[in-house]
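**Q** the following block contains a protein sequence and its predicted model.
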Amino acid sequence: MAAPAGEKLSKPTFRDFYGDVHEDVGSSKGHWVYDKGQRSWRSGPPPKFKLSHRRVGDHLAHDKEWLAGPAARHYRRPATEAREMTIESCPDGAKVKRSDTDVMSKPSTICNLCRKTSPEPLKRCARCLAVSYCSKDCQRKDFKKHQIFCWCCDRYDIARARVYPAVRFFLDLRHPRDYSVLLADMPTEQQYNDGAWCNLLVEVVSRVQHFFHYSILVSDLSGELRRIIFYDETKQYTDPNLCQTQRRPQPRDFQAYLVPGHFLLLMGVHWRHFMDGTDGIRINDLASVYVINMADHVWPSKYRKHMEVTGELYRATLV
């Protein structure tokens, strides 16, 4: 290879291949002093093998995230933020007053007993406002059968009044009535994945035997029964009300809260099909549950017997 005009080719030296060599110290052992400023990677781009390693790591992390699905949802507000919010209370007092706008409380023109129709709305039960009668005689004859449902409505009105303080704890509870009391209002799994959302208020009927998880039977306002299976592996529940008085409240075993007669407010539920062919509710995170203690309003004896019988009949279908 010829040199350019006016230039001479020189013999390659060690410095041509190791540009970071600064000088020869002149010792007999041939030690070399390196320019430390040129050997550092901090001032320039990282070496290619590090870039490749980083790219591979990013791809692996992305694949792992995709396989794991979306991140865990945060149901509760931070305790410090919840403490600063105003504690809401029911304006009606200890029990929500029903109105025509409440579910199952619209005026009806059909008698609940004799099924006669009237051109005008009939008078309703003064306690539950959910059933109508054409006369006092029909109401008296139907009372024995109706009183169970009437008690149920009364208990729901008490539980609904106790939902108000929970607004400051849950991000998805926008106002004190942002929930349903009917299982039929729950979306399907596909509807849930498409963005449908449902908070649900139900009453605990009894516990149901399960090999690995806590399971209970619940009832909605209409009396429909379904099973809930709790898949939270910790099985520990922290009462959000304790976070207002204690900085680090100790969680308790969730089974202690699964008392027949208590109410559960469930955030973001939808229908799930279990392996035994039945459908119900699956709870993956106990932080999405708000327990409403009803120990001061125990079941009347007839109501308790009714719930026990209906619970036994439903559990028999699960075997």
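**A** That came through fine.
**Q** C153 reaches C128, doesn't it?
**A** Yes. In this structure, C153 is within contact of C128 by CB atoms under 8 Å, at 3.7 Å. Using the backbone N, CA and C atoms, a C-beta is placed for each residue, glycine as well.
**Q** what about G277, how many neighbours?
**A** 7 (other CB atoms under 10 Å).
**Q** which phi and psi does it have?
**A** phi 90, psi -10 (degrees, to the nearest 10).
**Q** going forward, count from 39.
**A** All set: I'll call the first residue 39, so the last point we hit is now G315.
**Q** any idea how far the closest residue in space to A132 that isn't next to it in sequence is from L167?
**A** Excluding its sequence neighbours, the residue lying closest to A132 (CB to CB, 6 or more residues apart in numbering) is A199, at 5.9 Å. Distance, A199 to L167, using CB to CB, to the nearest Å: 16 Å.
**Q** counting neighbours, what do you get for V240?
**A** Residues near V240, counting by other CB under 10 Å, number 28.
**Q** for the stretch 39-188 of the chain, give me the ranges with low pLDDT.
**A** Where the stretch 39-188 of the chain drops to pLDDT under 70, the residues are 39-110.
**Q** just the strands in the stretch 239-357 of the chain please.
**A** Under the criterion DSSP state E, counting those that start in this stretch, the stretch 239-357 of the chain contains strands at 252-257, 263-268, 274-275, 290-291, 301-304, 310-311, 317-321, 327-330.
**Q** if we can go back for a sec, thought the residue nearest to A132 was touching K133?
**A** Yes. If you go by CB under 8 Å, A199 and K133 touch, sitting 5.5 Å apart.
**Q** do you have the strands of the stretch 89-238 of the chain handy? List them.
**A** Counting by DSSP E, counting those that start in this stretch, the stretch 89-238 of the chain has strands at residues 161-162, 170-171, 238-245.
**Q** distance of the residue positioned nearest the centre of the chain from L259?
**A** Taking CA atoms, centre = their mean, the centroid of the chain lies closest to S326, which sits 3.3 Å from it. Separation of S326 from L259 (CB to CB): 21 Å.
**Q** does F301 touch A197 like I think?
**A** Yes. Applying CB under 8 Å, one finds F301 in contact with A197, separated by 4.1 Å.
**Q** can you pull the contacts of M345?
**A** Each residue near M345 by CB atoms under 8 Å, 6 or more residues apart in numbering is listed here: 243-244, 257, 298, 337.
**Q** can you give me the buried ones in the lengthiest helix in the chain?
**A** Identified as the longest helix of the chain according to DSSP state H is helix 174-199. Neighbour counts over helix 174-199 (16 or more other CB atoms under 10 Å) mark 176-177, 180, 184-199 as buried.
**Q** contacts for stretch 300-309?
**A** For stretch 300-309, the external contacting residues (CB under 8 Å, 6+ apart) are 111, 113, 197, 200-201, 204, 208, 210-211, 217, 224-227, 229-230, 234-242, 256, 266, 317-319, 321, 326-333.
**Q** can we see that at 7 Å?
**A** With contact meaning CB atoms under 7 Å, 6 or more residues apart in numbering, stretch 300-309 is reached by 113, 197, 201, 204, 208, 210-211, 217, 224-227, 230, 235-242, 256, 317, 319, 321, 326-332.
**Q** any of those buried? List them.
**A** Buried, going by 16+ other CB under 10 Å: 113, 197, 201, 204, 208, 211, 217, 224-225, 230, 236-242, 256, 319, 321, 326-330, 332, out of these.
**Q** R265 and R320, how far apart?
**A** Per CB to CB, R265 is found 10 Å from R320.
**Q** these two: which is more packed in?
**A** Taking other CB under 10 Å, R265 and R320 do not tie; R265 has more neighbours (22 against 17).
**Q** so who does that one touch?
**A** Counted by CB under 7 Å, 6+ apart, R265 has contacts 246, 253, 255, 316, 318.
**Q** quick check: bridge partners of it?
**A** Note on R265: beta-bridge partners by DSSP bridges are L255, G318.
**Q** that older thread, just send the contacts of M345 back as TSV, with pLDDT, distance to T118 and neighbour count too.
**A** Shown next, in TSV, are those (pLDDT from 0 to 100; distance: CB to CB, whole Å; neighbours: other CB atoms under 10 Å):
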residue	pLDDT	distance to T118	neighbour count
V243	96	37	21
S244	96	38	18
S257	97	36	20
P298	96	35	18
W337	90	38	17
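**Q** just give me the closest of the residues you listed to P278.
**A** Nearest to P278 among the contacts of M345: P298, at 22.3 Å, using CB to CB.
**Q** now that closest one: how far from G131?
**A** In this view, P298 and G131 are 26 Å apart by CB to CB.
**Q** that'll do, ta.
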